[in-house]
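**Q** Got a predicted model here, sequence first, then my questions.
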Amino acid sequence: MKTVLIIEDNPEIRENTAEILELSGFHVITASNGQQGLAMVTDPVPDIILCDIMMPQVDGYEVIRQLKADPATASIPFVYLTARGEKNEVKLAMDLGACGFIRKPFDAGDLIRTVTQCLP
């Protein structure tokens, strides 16, 4: 069973996303902000990370920067979940190493497809 770490500050979105993934056979762990997500990324090491961009304390861009800088976490597939989606934001996300970009609101099929495509 693949483990997904969801880093999302909105509790409703975090819980709904987790439920969709759990119903699709994934093991899900969640963090309510970037700082908490970074602290949770090593035990257990997730197979993929879904992360919001705009969060208090540590935003999604800083989360991926820190993960990609650490050899222990650099290869974990990373997908942004965001309500924003301007071209420059998508480009920055991909330049930082994200393998996917999901715009909120999203449907369950798009979520599962993107997660499945990004998993090794």
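**A** Perfect, thanks for sending it. Numbers count the residues shown, from 1 in each chain.
**Q** what number of residues lie near residue 40?
**A** 17 (other Cβ atoms under 10 Å). The C-beta positions use only the backbone N, C-alpha and C, and glycine is treated the same way.
**Q** can you tell me the helix or strand for residue 12?
**A** helix 11-23 (DSSP states H and E).
**Q** Mind listing what's buried along stretch 107-120?
**A** By 16 or more other Cβ atoms under 10 Å, the buried positions in stretch 107-120 come out as 111-112, 114-115, 118.
**Q** Out of those, which sit inside helices?
**A** Using DSSP state H, the subset of the buried residues of stretch 107-120 located in helices is 111-112, 114-115, 118.
**Q** mind checking how far residue 109 is from residue 35?
**A** 31 Å (Cβ to Cβ, to the nearest Å).
**Q** Equivalent analysis for residue 16, please.
**A** Applying Cβ to Cβ to residue 16 and residue 35 gives a distance of 22 Å.
**Q** ditto for residue 42
**A** From residue 42 to residue 35 the distance is 14 Å (Cβ to Cβ).
**Q** was I right about residue 22 contacting residue 28?
**A** Yes: checked against Cβ atoms under 8 Å, the pair residue 22 and residue 28 is within contact range at 5.4 Å.
**Q** Looking at those two, which is more packed in?
**A** Neighbours of residue 22 and residue 28, each counted by other Cβ under 10 Å, are more numerous for residue 28; the result is 20 against 12.
**Q** How about the more buried one: what's its closest non-neighbour residue?
**A** The shortest distance from residue 28 to any non-neighbouring residue, by Cβ to Cβ, 6 or more residues apart in numbering, is to residue 18 (4.4 Å).
**Q** do residue 120 as well
**A** With Cβ to Cβ, 6+ apart, the residue lying closest to residue 120 is residue 77, at 7.1 Å.
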